[in-house]
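**Student:** Structure for this input, please:
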Amino acid sequence: MRWIFAAALLLPACLDKPDCISQADNTLRIAFKKAGSGAADTVVIYHIEAIGADSVFYKQVPVDRPDTLRGTPAVVAVNPFADTTDFVFRFPTENKVLKVRYQRSMRFINENCFSELRISNLQVRFTDFDSVRVVESSLTQSNVVHIEIYR
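**Tutor:** Residues are numbered from 1 along each chain as shown. Below you'll find the predicted structure:
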């Protein structure tokens, strides 16, 4: 109980310092684009599964019904305990794979704050999509798209 009280006293002191605010994140944003024009594409998807990370995104429960991404990016998470994550996209007529690799590093903020896990150097190591491009290689808390998939 004393630790909770001590953390409650120290945490506000840390949050008001700009140096203590973490920008690290393991959220990966994937935009689907039309191959000819590069415009945002509408995608119907059953779910996205992160193999080995025990995570499933966009799955409707109790019945796996399709979800429609109307020009908005798919938001998934990479495995923070590994240097790679494999995703399987389950579409109504086919399944597609996207395998990514990245570098993980710990950044010590300062003695009054905490350390953060930073994920950078994002790369596509395999895919069976027609065309994929990494547009931002560092994962941060900003809402930028990291990977574009052209269909």
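**Student:** can you tell me which residues contact Tyr46?
**Tutor:** Taking Cβ atoms under 8 Å, 6 or more residues apart in numbering as the criterion, Tyr46 is in contact with Tyr58, Lys59, Asp64, Arg65, Pro66, Asp67, Arg90, Phe91, Pro92. (Each C-beta comes from the backbone N, C-alpha and C, glycine too.)
**Student:** quick check, nearest of the residues you listed to Asn26?
**Tutor:** Closest approach to Asn26 among the contacts of Tyr46 (Cβ to Cβ): Tyr58, at 17.2 Å.
**Student:** just to revisit the earlier point, I'd like the contacts of Tyr46 as JSON lines, with secondary structure and distance to Phe129 appended.
**Tutor:** What follows is those, written out as JSON lines (DSSP: H, G, I helix; E, B strand; the rest coil; distance: Cβ to Cβ, whole Å):
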{"residue": "Tyr58", "secondary structure": "coil", "distance to Phe129": "17"}
{"residue": "Lys59", "secondary structure": "coil", "distance to Phe129": "20"}
{"residue": "Asp64", "secondary structure": "coil", "distance to Phe129": "21"}
{"residue": "Arg65", "secondary structure": "coil", "distance to Phe129": "23"}
{"residue": "Pro66", "secondary structure": "coil", "distance to Phe129": "18"}
{"residue": "Asp67", "secondary structure": "strand", "distance to Phe129": "18"}
{"residue": "Arg90", "secondary structure": "strand", "distance to Phe129": "14"}
{"residue": "Phe91", "secondary structure": "coil", "distance to Phe129": "11"}
{"residue": "Pro92", "secondary structure": "coil", "distance to Phe129": "16"}
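**Student:** For this protein, which segments count as helices?
**Tutor:** Using DSSP state H, the helices of the chain run over 2-15.
**Student:** which residue is nearest the centroid of it?
**Tutor:** The centroid of the chain falls nearest to Leu28 when counting by Cα atoms, centre = their mean (2.0 Å).
**Student:** before we move on, the earlier item: filter the contacts of Tyr46 to the buried ones?
**Tutor:** Neighbour counting over these (16 or more other Cβ atoms under 10 Å) leaves Tyr58, Lys59, Asp67, Arg90 as the buried ones.
**Student:** so the last one bridges to which residues?
**Tutor:** On the basis of DSSP bridges, Arg90 takes part in beta bridges with His47, Asn95.
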